[in-house]
Each structure stands twice: as structure tokens, then as C-alpha cells.
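Engineer: predicted coordinates and the sequence they were generated for:
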Amino acid sequence: QVQLVESGGGLVQAGGSLRLSCVASGLTFSWYTMGWFRQAPGKEREFVATITRRSSSDDYADSVKGRFTISRDDAKNTVYLQMNSLKPEDTAVYYCAADHSVALTTDSREYDYWGQGTQVTVSS
């Protein structure tokens, strides 16, 4: 069965950095577009970043552009989210997801598999 396992969340002060990791198993990782989404308390899940197979393209939500970087290591079946200059409004549960299509996908409904999430809390 497919599993996506996130790690790297935690508590950090505003202006700090965190790197999230998501290890995939049970699927041919290199074939999948991978994405990061987040959900804050009382809010809907929102797109954060996505990267296509072979890292040929990526895309970011406007709110994180210039601060977050998505990358992948197909040899390790892992996708990363480097988060710099964190703000209190970045506080959320962060989820990774896998989409079998070849295109960049910002719509959560297009993703086939999801991890369980990792909590990121940014204090002011």
C-alpha cells in the first residue's frame, strides 16, 4: 500500500527555518508530481508548493514565494519543503501528497495519496 510519511515539523520563532521531509513508499515515486499543502485551524486546506517528475517544473502559492523551496530526491523517494523566514501565519499542519499526472497541480482534489501531516508552529 502507498504510504507518505512527513517529518520535520516543530515549533520555531518567527524568522526561523524548518525543513520538512516526506518519504514515499508503495509507489513509483519518480513518476509522480508531488505537492505540499497546509491546513490551519478553522481554515480549509490550501496549496503550498508542487514539483513535477524529474524536477522539471515547480510552483508556489503567492504567500510563500521567495521563502519556501520544494525539491525532491528520487533516489530516496523523498520530497522536501525548505521553509525560511517563517511567519506566524505559516502555522498549520503540513501535508505532502502525490499526483499521478505529469502536470503541475495546485488543486488538492487532483492528488491521489496523502500523508498524515506534520505540525508547524511559528511563534511571534
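Structural biologist: Great, that's in hand.

Engineer: next SSE after the strand or helix carrying Val12?
Structural biologist: Assessed by DSSP states H and E, Val12 sits inside strand 10-13. Counting by DSSP H and E, the next helix or strand C-terminal to strand 10-13 is strand 18-25.

Engineer: and that following strand, which strands flank it?
Structural biologist: In the sheet, strand 18-25 lines up against strand 3-7 (antiparallel), strand 78-83 (antiparallel) (DSSP bridges).

Engineer: may I see the buried residues of whichever helix or strand comes after the longest one?
Structural biologist: Counting by DSSP H and E, the next helix or strand C-terminal to strand 78-83 is strand 92-99. Across strand 92-99, burial judged by 16 or more other Cβ atoms under 10 Å covers Ala92, Val93, Tyr94, Tyr95, Cys96, Ala97, Ala98, Asp99. C-beta coordinates here come from the backbone N, C-alpha and C atoms, glycine included.

Engineer: so who does Ser17 touch?
Structural biologist: Gln82, Met83, Asn84, Ser85, Leu86 (Cβ atoms under 8 Å, 6 or more residues apart in numbering).

Engineer: coming back round to it: and the strands paired with strand 18-25, which is most packed in?
Structural biologist: strand 78-83 (a mean of 23; mean count of other Cβ atoms under 10 Å).
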